[in-house]
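Undergrad: following is a predicted model, sequence given first.
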Amino acid sequence: MNWNALSDNELIARYQAGEETALKTIILRYERRLFSYLMVSVKNKELAEDIFQDTFVKVINTIRSGNYQEEGKFFQWIMRIANNLKIDYYRRIQRMPTVDGGEDFDIFTIIGSKDESVEEKMIREQTYSDLTHYVEYLPEEQKEVLKMRIYNDYSFKEIAEMTNVSINTALGRMRYALINLRKIMSKHQVVLE
């Protein structure tokens, strides 16, 4: 049997029926493209490998559990999973700040360098928390473009390619995301300084 001649959905159906070769074919079909994307995106081989493995673990678990729903192209689904895992990784490391203290490291330069009061810091953190929360209320397509642009610093060309839309559509989704986010924040009286 020529496994490569089968479509993604046929391979998924065969894998769900117990044919392990079908899964191997899908992984081989997309591994280079996905890993290349991750390398360009995170610029760290070990991190790219971790996200790559986590992506396919999630793909396999979703397919095995019967929760995979055909909603377009399989590769875009894999890319969304990888992108979300990457975003989750960067969110985690942002919560855990580190300081690289070389030979001349002095802890007092860090302790004394804060110009922001405790109250200002709390207000700023709450505002960012609110903003992140309200992003989740955006329509899915707008939220996806906004996260890819803001959190991952993708160009609109990259976003258009990854979401399989034109650059103008990606730009439009970003524009409407910002308009809708302003409306939501205004409604909830959140003010960004």
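TA: Now that the structure is in, tell me what you want to look at. As the structure is a prediction and not an experimental result, all values here were calculated from the model.
Undergrad: make it CA atoms for all contacts and neighbour counts henceforth
TA: Noted.
Undergrad: and the next element down the chain from the host helix or strand of residue 29?
TA: If you go by DSSP states H and E, residue 29 is part of helix 20-42. Once the chain leaves helix 20-42, the next helix or strand it forms, by DSSP H and E, is helix 45-64.
Undergrad: buried residues, that following helix. List them.
TA: Buried residues in helix 45-64, defined by neighbour count with 16 or more other Cα atoms under 10 Å: 48, 51-52, 54-56, 59-60, 63.
Undergrad: now the element after that helix, going C-ward?
TA: Per DSSP H and E, helix 45-64 leads on to helix 74-95 as the next helix or strand towards the C-terminus.
Undergrad: and the contacts of that following helix?
TA: Residues outside helix 74-95 that contact it (Cα atoms under 8 Å, 6 or more residues apart in numbering): 8-9, 30, 34, 38, 51-52, 54-56, 58-59, 151-152, 162-164.
Undergrad: which secondary structure element of the chain has the lowest mean pLDDT?
TA: helix 107-111 (a mean of 51; mean pLDDT, DSSP states H and E).
Undergrad: list the buried ones in the helix holding residue 29?
TA: 22-23, 25-26, 34-35, 37-39.
Undergrad: phi and psi next, for residue 65.
TA: Main-chain dihedrals, residue 65, degrees, to the nearest 10: phi -80, psi -10.
Undergrad: my bad, should have said residue 43
TA: When read as degrees, to the nearest 10, the backbone of residue 43 gives phi 50, psi 40.
Undergrad: can you report how many residues lie near it?
TA: By other Cα atoms under 10 Å, 12 other residues sit near residue 43.
Undergrad: if we can go back for a sec, for the buried residues of helix 45-64, which one is nearest residue 130?
TA: Using Cα to Cα, residue 51 comes nearest to residue 130 of the buried residues of helix 45-64, at 27.7 Å.
Undergrad: tell me the confidence at that closest one?
TA: Listed pLDDT for residue 51 reads 93.
Undergrad: also residue 190?
TA: The predicted local confidence for residue 190 is 58.
Undergrad: how about residue 96?
TA: On pLDDT, residue 96 comes in at 57.
Undergrad: ok, residue 100 next?
TA: 58.
Undergrad: what does the domain assignment say about the protein?
TA: According to automatic domain parsing, the chain comprises the domains 1-95, 118-193.
Undergrad: going by mean pLDDT, which of those comes out lowest?
TA: For the domains of the chain, mean pLDDT drops lowest on domain 118-193, to a mean of 81.
Undergrad: all good on my end, thank you.
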